[in-house]
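# Test case, fold it:
(chains A and B)
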2 protein chains.
Amino acid sequence: MLIVQKFGGTSVGDLDRIQNVANRVSETKKNGNDVVVVVSAMSGETNKLIAYAEHFSKTPEKAEIDMLLSSGERVTASLLAIALTAMGHDAISMTGRRAGIVTDNSHTKARIEVINPAAMNSALKEGKIIVVAGFQGISLDGNVTTLGRGGSDLSAVAIAGAIGADLCEIYTDVSGIYTTDPRIEPKARKLNSISYDEMLELSSLGAKVLHSRSVELAKKLNVNLVTRTSFSNEEGTLITKEENIMEKPLVSGIALDKNQARVSLMGVKDRPGIASDIFTKLANKNVNIDMIIQNKAHDDEANIDFTVPVTDLNDAKEIVDMFIKSGEVKDASFNEKICKVSIVGVGMKSHTGVAAKAFSTMAAENININMISTSEIKVSMVIDEKYAELAVRSLHNAYELDK
Amino acid sequence: MLIVQKFGGTSVGDLDRIQNVANRVSETKKNGNDVVVVVSAMSGETNKLIAYAEHFSKTPEKAEIDMLLSSGERVTASLLAIALTAMGHDAISMTGRRAGIVTDNSHTKARIEVINPAAMNSALKEGKIIVVAGFQGISLDGNVTTLGRGGSDLSAVAIAGAIGADLCEIYTDVSGIYTTDPRIEPKARKLNSISYDEMLELSSLGAKVLHSRSVELAKKLNVNLVTRTSFSNEEGTLITKEENIMEKPLVSGIALDKNQARVSLMGVKDRPGIASDIFTKLANKNVNIDMIIQNKAHDDEANIDFTVPVTDLNDAKEIVDMFIKSGEVKDASFNEKICKVSIVGVGMKSHTGVAAKAFSTMAAENININMISTSEIKVSMVIDEKYAELAVRSLHNAYELDK
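Numbering: from 1, shown residues only, chains lettered A, B, ... in the order given. Okay, the predicted model is just below:
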């Protein structure tokens, strides 16, 4: 097999851990696989460099930040190549540029345009283990760029796609994807496999293992992604296309998002375009709207409820105040003490009754549902924050996710 | 003027010192000059990275060492660019590759093949201050290389040549070139200017301010080199071509080299080619021969004396032992308690009596001269090590170098 293995900052946090990573890569190679390794900077390194930059400027140039930060992954990559060579392997490190990762010009959050895998392919043909400095690329006009949050994962997925790898393993300090947060429900079970779409719902719903950009790219490039831990040999979770998953459970997992707030607008003037006005102004201020409910209160007035991330609440309040001052909205209330519980599963597509079971489970626990939104593979409910853990455990039990 | 300024590791050793460098560069720019800055890694950084590499391997791959070490200069370059931007300048950092520095493939001691200054020239045209990561380049086949000892000085000189700079200033912790080591002769005087050839003699003779590779390159490219300190505004020493130096002193400086040992071969068989045999074998073992004296003892025997660096003495002994065993050399003695004192000056070319004054000065101090060698601009004498400082002070006085 041709395998891409990506190791994050904590996995390469010190020299002993780099040796551990070398041992794992060595094992994979000895088992007859070809291996491309993608590494992050040693943990702490990036923050140190950012602190250095901020010593000189609160707003350092983004191109300079890219130049600065991209040094961290180079150090890890060359050290790992040296460790592998010392173990008798033929290993070579590559910068993002050398690996052929070409990006656009958006410094500190560049998008990969294309990967030219010629150098990697010829090194693989010679039987070499390649260690690529993750998180970085080079723009078409020759400047060093970095890929932003989750950038090394993105490098790994993009490389796996470009060289046609059978597997792309993302090593973190978490052993895989669980049916729900094990800190809330100790009976949570690690999933063997999950579809891209389910993973996208889960990661956008607050499961932090993988950045959704990486999952989206894996889906687009049809890369089999595995997330697992570098601290044990425990098997991880395979994220793949739906067709590859043999038994499709009705529900794969329960996600909880506590970082939502509810905004309730009362007495909204019922003129054409008023909702559009409000939400355009919110979008212009980069306020991220999730769920929206509108219902008529009187003939010429409506109530509109929506949820926003807690971090966007102040911006939302400013916009709402404008509409109250102009008289188009009578009053508003804001509630941070809510949470969103979501049920995710591709099986929902072909089964009815999944949402109904969620509602009856909530009813049985006397939990009031404030808002509901659904998609083909997801049911989300907004409830009082104090019921968050109870709701997760009840749903986990109702759908028998511990089995 | 177009000025290249190079700052070594101690000059950029911490964030405050980088700010000092930024202040100096800013001043130079504000005085109406265009500036390209070349920086080394922060002092200590390179040694830390080498220690990391040696944790994994006593003989790390040279290509990996280049990948590893080249990260250090990138950090300094981007930090300095950030500091300059924060001061209101338009500054940009460049890697060796971005600056167009193309080298051969000799990792860890690459030679610069060519510089493509297109990117630098266009940034200069836009009025930008360019900060180049020194010590590094890129090979024709796209791998990161480093230039070996004195590499950042070399980067600076090569860049100055490629962009046609009026001046290349090398900032160190020493304020310039002195008539002799001020720790030996407190009356030593800093030179305002010195020719390339004199500087080459002085640096090969143990004056450590500049690596001779950089002086050779400056001579070849006709770059006006200034060595000065970054810790004060004191003027430095200009190293330039002989024609540019107005008043040519008879003697510019006295150099002292204590790291020499003398090898005396007695009763060497006087057959044709014997000296060639001995010195070829020494050369094959990379023993660096400096001075050689041969004189006939008997009709069929000669004595040969030569000097080698103390570090090469053991290798020399091995070769000599071979010739003693074969019977072609009767006996040998080795003396580490010698030193070499040299008088350097372009004025010697047109003046007689310089060497004679050296010999009479030694005689007046009752110092015995063991060996002598001369070039157009240099007289070197091997004497007992215990007279080293006395000889330097006497010669400094005899040639009135304190005036």
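
# Isn't residue A:161 up against residue A:225?
No - the pair residue A:161 / residue A:225 is not scored as a contact, 10.7 Å apart, by C-beta atoms under 8 Å. Bear in mind the C-beta positions are built from the backbone N, C-alpha and C, glycine included.

# And the pLDDT for the closest residue to chain B within the stretch 301-403 of chain A?
In the stretch 301-403 of chain A, the residue that lies nearest chain B is residue A:311 (27.6 Å; C-beta to the nearest C-beta). pLDDT, residue A:311: 90.

# mind checking how far the closest residue to it other than its chain neighbours is from residue A:330?
Take residue A:311 and drop its neighbours on the chain: the residue closest to it by C-beta to C-beta, 6 or more residues apart in numbering or on different chains is residue A:259, 7.3 Å away. Residue A:259 sits 28 Å away from residue A:330, taking C-beta to C-beta, to the nearest Å as the criterion.

# Comparing residue A:161 and residue A:225, which residue is more hemmed in?
residue A:225 (28 against 20; other C-beta atoms under 10 Å in any protein chain shown).

# and that one, how far is that from residue A:210?
Separation of residue A:225 from residue A:210 (C-beta to C-beta) stands at 8 Å.

# shared neighbours of those two, which are they?
With contacts defined as C-beta atoms under 8 Å, 6 or more residues apart in numbering or on different chains, the residues shared by residue A:225 and residue A:210 are A:170, A:239.

# confidence score at the residue nearest to residue A:311?
Here the pLDDT value assigned to residue A:259 is 89.

# Just read off the phi/psi values of it.
When read as degrees, to the nearest 10, the backbone of residue A:259 gives phi -90, psi 40.

# quick one: it and residue A:312 touch, right?
No - Residue A:259 is beyond contact range of residue A:312, at 9.9 Å (criterion: C-beta under 8 Å).

# Looking at those two, which one has more neighbours?
residue A:312 (19 against 13).

# how about that one, secondary structure?
Classification of residue A:312 by DSSP: H, G, I helix; E, B strand; the rest coil places it in helix.

# if we can go back for a sec, for residue A:161 and residue A:225, list the residues in contact with both.
With C-beta under 8 Å, 6+ apart, residue A:161 and residue A:225 have common neighbours residue A:218.

# Now for the residue of the stretch 301-403 of chain A closest to chain B, how many residues are close by?
The burial count for residue A:311: 11, using other C-beta under 10 Å.

# Quick check: it vs residue A:181, distance?
20 Å.

# Show the pLDDT at the residue nearest to residue A:152 when sequence neighbours are not counted.
Nearest non-adjacent residue to residue A:152, counting by C-beta to C-beta, 6+ apart: residue A:134, 3.1 Å away. Note on residue A:134: pLDDT of 96.

# How about the contacts made by the residue of chain A positioned farthest from its centre?
No residue in chain A sits farther from the centre than residue A:299, which is 43.6 Å out by C-alpha atoms, centre = their mean. Contact partners of residue A:299, counting by C-beta under 8 Å, 6+ apart, are residue A:270.

# Need the pLDDT of it.
73.

# so how far is chain B from it?
60 Å (C-beta to the nearest C-beta, to the nearest Å).

# ok but that residue is inside a strand, no?
No - counting by three-state DSSP, residue A:299 is not found in a strand; it is coil.

# What residue, apart from its backbone neighbours, is nearest residue A:112 spatially?
Residue A:112 sits nearest to residue A:158 (C-beta to C-beta, 6+ apart), 5.0 Å away.

# Tell me how many other residues surround that neighbour.
Neighbours around residue A:158, by other C-beta under 10 Å: 28.

# so it makes contact with residue A:221?
Yes - using C-beta under 8 Å, residue A:158 is in contact with residue A:221, at 7.3 Å.

# hey, what's in contact with both of those two?
Common contacts of residue A:158 and residue A:221 (C-beta under 8 Å, 6+ apart): none found.

# Where does pLDDT dip in chain A?
Applying pLDDT under 70 to chain A flags residues A:204-208, A:297.

# ok, longest helix in it?
If you go by DSSP state H, chain A has its longest helix at helix A:62-86.

# Give me the contact list for the helix or strand following that helix.
Using DSSP states H and E, the helix or strand that directly follows helix A:62-86 along the chain is strand A:91-94. With C-beta under 8 Å, 6+ apart as the test, strand A:91-94 has contacts from A:74, A:77-78, A:80-81, A:84-85, A:119-120, A:123, A:128-133, B:63-64, B:67.

# can we see that at 7 Å?
Identification of contacts with strand A:91-94 by C-beta atoms under 7 Å, 6 or more residues apart in numbering or on different chains yields A:77-78, A:81, A:84-85, A:119, A:123, A:128-132, B:64, B:67.
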